[in-house]
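> Fold the following for me, if possible:
(3 chains)
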Amino acid sequence: MTSAADASSVLVWFRRDLRLADNPAVHAAAQTGRPVVAVFVLEDHPPSRAPGAASLWWLDRSLAALGEDLAALGSRLILRRGDPLAILPALARETGAELVCWNRSFEPLVEQRDEELSDLLHHHDVKVGVGNGLLLQAPWTVRSGSDTPYKVFTPYWRMAQNQLAAAPLRPAPKTLRAPKHWPDSDRLADWELHPRDPDWSTGFVDWTPGEAGAAAQLQRFVAQALETYAEARDRPARDGVSRLSPHLAWGEVGPRQVLAAVRKAAQTHPSLAEAADKFLAEIGWREFNYHLLDQQPGLATRNFRRDLDGLDWRRDAKRLAAWKRGETGYPLVDAGMRQLWATGWMHNRVRMVTASFLVKHLLIDWREGERWFWDCLVDADPANNPGNWQWSAGVGADAQPFFRIFNPMTQGEKFDPDGAYVRRWLPVLDQLETRYLHAPWTAPPEALRAAGVRLGETYPRPIVDHAEARARALDALKAAKTEAAE
DNA sequence: TTTTGAGTTGTTCGA
DNA sequence: GTCGAACAACTCAAA
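Below you'll find the model as predicted:
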């Protein structure tokens, strides 16, 4: 026997929140006790920016995983392609849904569109339930004493942590009621998110996209790597970081879950407290970058510090291409760029070095680098990617002192002392003595010969001289500041 | 309103 | 090889 109310269902619109546990939208929908229809919309013309190619590779796997997880609950993931403003109202009508749930994106342009969608649904007498599964706190709820948004990380994070309410995690639903009739769904394979001709993703191997993979990664990190995180996190050859970034970027795990797991470990083992704080500060930077994006919707295209708009960037297609391909002649830079290309990810320490090199050594506009990372990273995040690039370029909020220019040789010797990272991504240098590894052009001819390295043939000579490039960058920054002051 | 202390991740140079 | 200071000045946030 079915009542009239039973006929109506609830839509859950998945976006960058591809998980069932601690997902406010899923939880709210399941709580109604009504049939749930889960949908993901591949947007042809998103209001902000479309995911890059590597992110789409991840999305492909993650959607497959979510589909399986839903199937295990007797449910399905409906796939549609097009404009959510058209698709969701139509789907609501088709399924008799009186409620549509989703989680906020916190991208200003997406928020605008979502409000339009809200209005549209209300107009059709469909209710809307909007939750926050993306961040610990909505960006605008963290305010300074003078009721302004923060521009400096440390006071921001102090305040954010202070006012953070402890709310229990929402468990994943154990079952989901199925509707009488399932709406049509695209086939995931037809979206062709996986690259072919050529398939450049063959090196994307160390990943398990999906909620289960994210949970396993979190558990592994907390149990095994947190203890040594403070030191090991700067060593790109080691497995010392969480590698949670793509899981977070697609919402396969949420920051509240990460926070809970890390805090629990630190409570059980007080010796982990310091490492826990250090790691959670990275979660804090993610929050802070959304806080910045909220202040500056054009974070990916406009300098946060407008006084540096006069920076005299070089248009240098040749050197930009060399940077992208990992052919700058500086091994740590090249190793990083090749790791990025091969695996869709780069260690954070090396991200800083490669970003600094593009911006400072080559004086190429940070937006070029930001776009390349956006396309190549499986963890490309609408707030983190531009926020971190602006920080590296020294044009962001809370900018580093402008004289802080990374020396790729020194960074290599410090953080890849045995050269394991460089050897792994630049096999051509594998046999070179460690003392020359981070600056092959300083190696005597016989050392190069013994290692089978021919500079300019098997491995490039440096495309710029470090000392000259450094001086040029300092001059350019000084000039921009002088210009701004006038 | 004014003052004060501080600001993710570094490099270079000279003693 | 190691160590400390200089590198600039400014803006932010809180008292």
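
> Does residue A:272 touch residue A:226 like I think?
Yes - counting by C-beta atoms under 8 Å, residue A:272 does reach residue A:226; the two are 5.6 Å apart. Yep, even glycine has a C-beta here, placed from its N, CA and C like the rest.

> Look at these two and report which has more neighbours.
More crowded of residue A:272 and residue A:226, by other C-beta atoms under 10 Å: residue A:226, with 23 against 19.

> isn't that one right up against residue A:279?
Yes - here residue A:226 reaches residue A:279: they are 6.6 Å apart, a contact under C-beta under 8 Å.

> shared neighbours of the two, which are they?
Common contacts of residue A:226 and residue A:279, defined by C-beta atoms under 8 Å, 6 or more residues apart in numbering, comprise residue A:262.

> Tell me the secondary structure at the residue in the stretch 301-450 of chain A positioned nearest to DNA strand C.
Proximity to DNA strand C, evaluated over the stretch 301-450 of chain A using C-beta to the nearest atom of the strand, is greatest for residue A:401 at 2.7 Å. What DSSP: H, G, I helix; E, B strand; the rest coil gives for residue A:401 is coil.

> tell me the contacts of residue A:316?
A:362, A:363, A:364.

> Surely the second one and residue A:314 touch.
To tie it back to what came earlier, the one meant is residue A:363. Yes - shown here, residue A:363 and residue A:314 form a contact pair, counting by C-beta under 8 Å, at 4.6 Å.

> Show me which of the two is the more surrounded one.
residue A:363 (20 against 12).

> could you check the distance from the residue of the stretch 301-450 of chain A closest to DNA strand C over to residue A:394?
8 Å (C-beta to C-beta, to the nearest Å).

> Tell me which of the two has more neighbours.
residue A:394 (24 against 7).

> buried set for the strand or helix carrying residue A:26?
For residue A:26, the host element (DSSP states H and E) is helix A:24-31. Across helix A:24-31, burial judged by 16 or more other C-beta atoms under 10 Å covers A:24, A:25, A:26, A:27, A:28, A:29, A:30.

> where does the stretch 1-150 of chain A come near DNA strand C, residue by residue?
Listed as neighbours of DNA strand C in the stretch 1-150 of chain A under the rule C-beta under 7 Å from any atom of the strand: A:144, A:145, A:146, A:148, A:150.

> Only the buried subset of those residues, as a PyMOL command please.
This is how PyMOL selects the buried members of these, with burial counted by 16+ other C-beta under 10 Å:
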select buried, chain A and resi 150
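
> picking up where we left off before, with pLDDT as extra columns, can I get the buried residues of helix A:24-31 in JSON lines?
Formatted as JSON lines, these follow (pLDDT from 0 to 100):
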{"residue": "A:24", "pLDDT": "98"}
{"residue": "A:25", "pLDDT": "98"}
{"residue": "A:26", "pLDDT": "98"}
{"residue": "A:27", "pLDDT": "98"}
{"residue": "A:28", "pLDDT": "98"}
{"residue": "A:29", "pLDDT": "98"}
{"residue": "A:30", "pLDDT": "98"}
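
> now those as JSON lines including distance to residue A:235?
As requested, those are arranged in JSON lines below (distance: C-beta to C-beta, whole Å):
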{"residue": "A:24", "distance to residue A:235": "37"}
{"residue": "A:25", "distance to residue A:235": "39"}
{"residue": "A:26", "distance to residue A:235": "38"}
{"residue": "A:27", "distance to residue A:235": "39"}
{"residue": "A:28", "distance to residue A:235": "43"}
{"residue": "A:29", "distance to residue A:235": "43"}
{"residue": "A:30", "distance to residue A:235": "43"}
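
> Pick the one among these closest to DNA strand B.
Closest to DNA strand B, out of all of the buried residues of helix A:24-31 and judged by C-beta to the nearest atom of the strand, is residue A:24, at 26.5 Å.

> Show the backbone phi and psi for residue A:36.
Dihedral pair for residue A:36: phi -110, psi 130, per degrees, to the nearest 10.

> got the contact list for it?
Per C-beta under 8 Å, 6+ apart, neighbours of residue A:36: A:9, A:10, A:11, A:12, A:29, A:30, A:75, A:176, A:177, A:178, A:179.

> Quick check: bridge partners of it?
residue A:10 (DSSP bridges).

> Quick check: the gap between it and residue A:10.
5 Å.

> cool, residue A:313 as well?
Taking C-beta to C-beta, one finds residue A:313 at 50 Å from residue A:10.

> Who has more neighbours out of these two?
Counted by other C-beta under 10 Å, residue A:313 and residue A:10 do not tie: residue A:10 has more neighbours, with 28 against 15.

> Tell me how many other residues surround residue A:134.
26.

> Wasn't it part of a helix?
No - the assignment for residue A:134, made by three-state DSSP, is coil rather than a helix.

> ok, it touching residue A:104?
Yes - between residue A:134 and residue A:104 a contact is recorded at 6.6 Å, counting by C-beta under 8 Å.

> pLDDT wise, what is residue A:6 at?
Among the per-residue scores, residue A:6 shows a pLDDT of 53.

> roughly how far apart are the residue of the stretch 1-150 of chain A found nearest DNA strand B and residue A:34?
At 7.8 Å from DNA strand B, residue A:146 is the closest residue in the stretch 1-150 of chain A, using C-beta to the nearest atom of the strand. According to C-beta to C-beta, residue A:146 stands 46 Å off from residue A:34.

> Ok, residue A:413 next?
61 Å.

> So the two - more neighbours on which side?
Taking other C-beta under 10 Å, residue A:413 and residue A:34 do not tie; residue A:34 has more neighbours (21 against 17).

> Mind naming the longest helix for chain A?
helix A:273-295 (DSSP state H).

> From the contact counts, what lies against it?
helix A:153-162, helix A:229-232, helix A:255-268, helix A:384-393 (3 or more C-beta pairs under 8 Å, 6 or more residues apart in numbering; DSSP states H and E).

> got the angle between the helix or strand containing residue A:373 and helix A:384-393?
Using DSSP H and E, residue A:373 falls within helix A:366-376. Angle, helix A:366-376 to helix A:384-393, by axes from the mean of the first three to the mean of the last three C-alpha atoms, to 10 degrees: 150 degrees.

> Checking helix A:366-376 against DNA strand B, do any of its residues make contact.
No - for helix A:366-376, no contact with DNA strand B is found by C-beta under 7 Å from any atom of the strand; the gap never falls below 13.7 Å.

> So what touches that helix?
A:49, A:52-54, A:300-301, A:320, A:323-324, A:340-341, A:344, A:351, A:354-355, A:358-359, A:380, A:385-386, A:389-390, A:392-393, A:395.

> Return the members of these classed as buried.
Here, 16+ other C-beta under 10 Å leaves A:49, A:52-54, A:300, A:320, A:323-324, A:340-341, A:344, A:351, A:354-355, A:358-359, A:380, A:385-386, A:389-390, A:392-393, A:395 buried among the contacts of helix A:366-376.

> Narrow those residues to those in helices?
Per DSSP H, the buried ones among the contacts of helix A:366-376 map to helices at A:53-54, A:320, A:323-324, A:340-341, A:351, A:354-355, A:385-386, A:389-390, A:392-393.
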